[in-house]
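> got a structure for you, letters missing:
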């Protein structure tokens, strides 16, 4: 059984990226245990807080879930042509202390997908993740790219991905990533 952890980089209750993550979970297929996580409860990174109090409980929990996974799928929004601050902040916390980077990220398979109401999907945000993932020493899957443009037309009011072509591409992406992430 391959363990994939999907992380949504949006805090919105009606987030297209959280909906995309849940669609990926539902389409994962047999042999894939697909767990999901959000960034709720993770405070802004503050080195003084880290030094004084250690890692916040929400960070420790997410870090342990990353470590327990065979691969991580980042479901990223795109804000102002880049990585959302809340998502980058979470990755900064996960990389603390720096002596933990190899244990959390080193060689771990990562992939990035995203949904946006705009016409270009999340192409710039996904591209902006590349140097971050490279710096952390992940093994980035380049077996495909999944950009969901005009997400407001792809999901219904309940957050269900209704576009069949996108569902098929997403299922293929997740299953391909699982093969790549296989230990």
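The structure has been received and is ready for your questions. Quantities reported herein were computed from a predicted structural model and do not represent experimental measurements.
> for the rest of this, base every contact and every neighbour count on C-alpha atoms.
Will do.
> right, and residue 31 touches residue 2 too?
Yes - at 6.2 Å, residue 31 and residue 2 qualify as touching, with contact defined as Cα atoms under 8 Å.
> which one's more surrounded, those two?
Counted by other Cα atoms under 10 Å, residue 31 and residue 2 do not tie: residue 2 has more neighbours, with 17 against 11.
> scan the chain for its longest helix.
Among the segments of the chain that qualify as a helix by DSSP state H, the longest is helix 164-181.
> contacts for that helix next, please.
Defining contact as Cα atoms under 8 Å, 6 or more residues apart in numbering, one finds that helix 164-181 is touched by 2, 4, 23-24, 27-29, 32, 70-71, 108-109, 111, 141, 143-146, 148, 161.
> next one: it to chain centre, how far?
Remark: helix 164-181 is offset 14 Å from the chain centroid, using Cα atoms, centre = their mean, to the nearest Å.
> can you give me the pLDDT of the residue sitting nearest the centre point of the chain?
Compute the mean C-alpha point of the chain, and by Cα atoms, centre = their mean the closest residue is residue 74, 1.4 Å away. Per-residue confidence (pLDDT) for residue 74: 98.
> ok, residue 2 next?
98.
> most distant residue from the middle of this structure?
In terms of distance from the mean C-alpha position of the chain, residue 52 ranks first, at 28.9 Å (Cα atoms, centre = their mean).
> how close does that one sit to residue 96?
14 Å (Cα to Cα, to the nearest Å).
> cool, and residue 12?
For residue 12, the distance to residue 96 - Cα to Cα - is 26 Å.
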